[in-house]
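*Asks:* mind folding the following:
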Amino acid sequence: MSKPIVARISSRSLQCSRTLRWRSTRLFSSSSRRLLPRFLTPREEQDLYQSITSSFREKLASNTAKSQDFYSSIIEQSLFAVPRSNPPSSSKVQDICSRIDVAVAAKRPQDLKPLISELDRSNAPIKFYNYLIRSYIRLKDIKGAEYVLKNLPIGLLPSARTFTLLIQEYLSTDLDRAYEYMKQMQDMSCKLHKSFDYIVVMRLHIRRDDPLAVDFAWKDMLQHKETVKPTMQLYTTYLGYLGSKKKYEKAREVIQDLVAYSRTNDGLQKTLTAVQCKTLISITNQLALHDQPQSASKLVKFLLSSTLTSTTSNTGLPEGLMPSAITLPSEVYTNIINGYMNLEKYSPVIAFYKEIAARNDVQLEEEALLAVEKARKCLMSSQSKQHHGKMYIANLAPV
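*Replies:* Numbering: from 1, shown residues only. Next comes the predicted model:
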């Protein structure tokens, strides 16, 4: 017999109410069985979420606003711009560069501004705008250089060199401004390709005392070494930093890389500036005095195979000026010999002395000569003990 209509309605109402209560109870659990009941109301959960993430959202909002301010005339326009289809006119661009050189020679920065629009009409690539930025900087007109960056034509993005030129100019005057350009370069994913760019970036991190960033820049350079082709200035910049931080083990690795690279790469500059030579001599003494005489001796041999110029240019010597051989202070050799003696490595002392004494341009101090004589006596004594030990063992052998 079927149930009365009222009973059926009551039964269905009870089931429906149970279902509604179950569905209205939102559970706080990732389990498919949903064993844990929700202990906060939706409103309370929202308030908790807002309070936890407030500082993060504020930082994100400030960064986003800053990026929009800077990139409004660069990225947004570039994304929606029609690609620049017309190839640049080589002769016209070269003519503009010649006029830029004339303006720089005449020290007339006002003559550079009209050339910006001419570069725009010529569809010139970014390297020519970088050349214009460099020219403004040579004329001490940093505002003009920044104007070129801010007014790049639609569809043309800056390169790493665009930013490193400005970073270098601000390194000694406004470190915060230099770091702003560094962050803009990173936000735009501009890749470093040349030694100059890595040198500027490393100097910025060194000035800001950011050792992790300095080491990261060096490791990044090593990954692209064939493309970057590191210069002597890049090596001395990093070695000088390592010496100032007393990172002698890392300096040993860099010196080993420098010596190996100089043997396999003819393009590495072997004519050192006075500043570069001074940096390498300083790190040589530091290594010798801190249990790294072998690395110091490698660096001495590298220095003696190089030449010195009094100019600060890294591109070559002026006509008629011949590079001179490098003469190291006598204390450098003394420190290396004493470094070996402190480690009781007498054979390397004799080997180093023979190699250095064969040169006509090396003068050894009396202290170094006495240390060499002591090393020779220690070796003779050690060899004598070994000889007597062998004789004793031979006498113990059965006949």
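
*Asks:* strands of the stretch 201-350 of the chain, residue ranges please.
*Replies:* Taking DSSP state E, counting those that start in this stretch as the test, the strands found in the stretch 201-350 of the chain are 271-272, 307-308, 324-325.

*Asks:* can you show me the CA trace of stretch 276-290 as PDB?
*Replies:* Provided in PDB are the C-alpha atoms of stretch 276-290 (Å, rounded to 0.1, in the frame of the first residue of the first chain):
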ATOM      1  CA  GLN A 276      95.300  46.800 -14.100                       C
ATOM      2  CA  CYS A 277      98.900  46.000 -13.300                       C
ATOM      3  CA  LYS A 278      98.600  47.500  -9.800                       C
ATOM      4  CA  THR A 279      95.500  45.400  -9.200                       C
ATOM      5  CA  LEU A 280      97.200  42.200 -10.300                       C
ATOM      6  CA  ILE A 281     100.300  42.900  -8.200                       C
ATOM      7  CA  SER A 282      98.100  43.500  -5.200                       C
ATOM      8  CA  ILE A 283      96.300  40.200  -5.500                       C
ATOM      9  CA  THR A 284      99.600  38.400  -6.100                       C
ATOM     10  CA  ASN A 285     100.900  39.600  -2.800                       C
ATOM     11  CA  GLN A 286      97.700  38.700  -1.000                       C
ATOM     12  CA  LEU A 287      97.700  35.200  -2.400                       C
ATOM     13  CA  ALA A 288     101.300  34.700  -1.500                       C
ATOM     14  CA  LEU A 289     100.700  35.800   2.100                       C
ATOM     15  CA  HIS A 290      97.600  33.600   2.500                       C
END
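
*Asks:* hmm, back to that, can you say which of the strands of the stretch 201-350 of the chain is nearest to residue 130?
*Replies:* Distance to residue 130, taken as Cβ to Cβ, is lowest for strand 271-272 among the strands of the stretch 201-350 of the chain, at 26.6 Å. C-beta: built from backbone N, CA, C; applies to glycine.

*Asks:* any idea how far that closest one is from the chain center?
*Replies:* Taking Cα atoms, centre = their mean, to the nearest Å, one finds strand 271-272 lying 22 Å from the centre of the chain it belongs to.

*Asks:* low-confidence ranges in this protein?
*Replies:* 1-40, 55-89, 266-267, 269, 310-323, 384-399 (pLDDT under 70).

*Asks:* tell me where the stretch 1-150 of the chain has helices.
*Replies:* 5-24, 42-71, 75-80, 90-105, 113-121, 126-138, 142-150 (DSSP state H, counting those that start in this stretch).

*Asks:* what about the residue most central in space within the chain, distance to residue 205?
*Replies:* By Cα atoms, centre = their mean, the chain has its centre lying nearest to residue 217, at 2.4 Å. Distance of residue 217 to residue 205, computed by Cβ to Cβ, to the nearest Å: 6 Å.

*Asks:* please apply the same query to residue 255.
*Replies:* Taken as Cβ to Cβ, the span from residue 255 to residue 205 is 21 Å.

*Asks:* of the strands of the stretch 201-350 of the chain, flag the one that's most buried.
*Replies:* strand 271-272 (a mean of 20; mean count of other Cβ atoms under 10 Å).

*Asks:* direction included, what does it pair against?
*Replies:* strand 307-308 (parallel) (DSSP bridges).

*Asks:* re earlier: mind putting the strands of the stretch 201-350 of the chain in a markdown table, distance to residue 372 included?
*Replies:* Shown next, in a markdown table, are the strands of the stretch 201-350 of the chain (distance: least, Cβ to Cβ, whole Å):
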| stretch | distance to residue 372 |
| --- | --- |
| strand 271-272 | 28 |
| strand 307-308 | 27 |
| strand 324-325 | 24 |
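
*Asks:* between these, which gets nearest to residue 53?
*Replies:* strand 271-272 (54.4 Å).

*Asks:* ok, back up a step: residue contacts, the residue nearest to the centre of the chain?
*Replies:* 192, 198, 201, 202, 205 (Cβ atoms under 8 Å, 6 or more residues apart in numbering).

*Asks:* are any of these buried, and if so which?
*Replies:* Among the contacts of residue 217, those buried by neighbour count (16 or more other Cβ atoms under 10 Å) are 192, 198, 201, 202, 205.

*Asks:* between those, which sits nearest residue 378?
*Replies:* Nearest to residue 378 among the buried ones among the contacts of residue 217, with distances taken as Cβ to Cβ, is residue 202, at 43.2 Å.

*Asks:* so the closest one touches residue 237, yeah?
*Replies:* Yes. Contact criterion Cβ atoms under 8 Å: residue 202 and residue 237 qualify, at 5.7 Å.

*Asks:* what separation is there between the closest residue in space to residue 303 that isn't next to it in sequence and residue 273?
*Replies:* Spatially, and ignoring its direct neighbours in sequence, residue 303 is nearest to residue 326 (5.3 Å; Cβ to Cβ, 6 or more residues apart in numbering). Residue 326 sits 11 Å away from residue 273, taking Cβ to Cβ as the criterion.
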